[in-house]
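A.B. asks: sequence-free structure coming up:
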Ligand code: FES
Ligand code: FES
């Protein structure tokens, strides 16, 4: 089996648009959920069944984390929970209480000069340098996975990178550039 599966255009995940689960339905039971997102504590009123993905996108307005399949198959929703990769579509928001959530919006560092742009993470810079995206929809998830892969030391060879990144699909087929970007960032961060 290929260590780097390609998206299957006939799979249920890609054949139909993901159902949007409203997290603020009228009359639905809600409870306050305290989430620490990118170092900031937020309290959101959510249904207990709300996924972390919906909480981030619809509750916190952080739309950098993407909804692809909403079924744990594409990796577009990858975030970090306490520094580990997690699929936000398969994680209930309540499961993330008391944990550090990092999204793509939290990766760049704020510049010392408040007027200046944030300082991009080495992986973000490498994706730009290596042209590692086309439409960009998968890119936030790819970058969050790549940061974790590098941290896990799973970047010893291109094959190892492909294996470690195999949970993140790219319908545009930018894989060779993504591997090059991960390799570049890993070398820079070594
Ligand atoms: Fe596809 Fe979460 S949206 S794995
Ligand atoms: Fe378009 Fe990956 S899905 S760049």
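C.D. replies: Cool, got the structure. In this text the structure is predicted, and so the values were computed from the model without any measurement. Ligands and ions are numbered 1, 2, ... in the order given.

A.B. asks: For this protein, just list every one of the helices.
C.D. replies: Secondary structure of the chain (DSSP state H): helices located at 12-15, 52-54, 122-129, 139-151, 158-164, 175-189.

A.B. asks: Need these in a markdown table (columns: mean pLDDT and mean neighbour count).
C.D. replies: Where C-beta positions appear, they are placed from N, C-alpha and C, glycine not excepted. Formatted as a markdown table, the helices of the chain follow (pLDDT from 0 to 100; neighbours: other C-beta atoms under 10 Å):
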| stretch | mean pLDDT | mean neighbour count |
| --- | --- | --- |
| helix 12-15 | 40 | 13 |
| helix 52-54 | 98 | 27 |
| helix 122-129 | 98 | 20 |
| helix 139-151 | 98 | 24 |
| helix 158-164 | 98 | 17 |
| helix 175-189 | 98 | 20 |
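
A.B. asks: Make TSV from the ones you listed and add distance to ligand 1 to it.
C.D. replies: Compiled in TSV, the helices of the chain are given as follows (distance: least, C-beta to the nearest ligand atom, whole Å):
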stretch	distance to ligand 1
helix 12-15	7
helix 52-54	6
helix 122-129	19
helix 139-151	8
helix 158-164	16
helix 175-189	16
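
A.B. asks: Show me the one of those helices that comes nearest ligand 2.
C.D. replies: Minimum separation from ligand 2 across those (C-beta to the nearest ligand atom) falls at helix 139-151, 5.9 Å.

A.B. asks: Give me the helices and strands touching that closest one, please.
C.D. replies: When contacts are defined as 3 or more C-beta pairs under 8 Å, 6 or more residues apart in numbering; DSSP states H and E, helix 139-151 packs onto strand 78-81, strand 84-87, helix 122-129, helix 158-164, helix 175-189.

A.B. asks: Recalculate using a threshold of 6 Å.
C.D. replies: Helix 139-151 sits against strand 78-81, helix 122-129, helix 175-189, with contacts defined as 3 or more C-beta pairs under 6 Å, 6 or more residues apart in numbering; DSSP states H and E.

A.B. asks: the inter-axis angle of it versus helix 122-129?
C.D. replies: 130 degrees (axes from the mean of the first three to the mean of the last three C-alpha atoms, to 10 degrees).

A.B. asks: still on that earlier bit, got TSV for the helices and strands packed on helix 139-151, with distance to residue 152 too?
C.D. replies: As requested, the helices and strands packed on helix 139-151 are exported to TSV (distance: least, C-beta to C-beta, whole Å):
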stretch	distance to residue 152
strand 78-81	12
helix 122-129	13
helix 175-189	11
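
A.B. asks: Most distant residue from the centre of this protein?
C.D. replies: residue 27 (30.9 Å; C-alpha atoms, centre = their mean).

A.B. asks: right, and residue 164 touches residue 154 too?
C.D. replies: Yes. Between residue 164 and residue 154 there is a contact under C-beta atoms under 6 Å: 3.8 Å.
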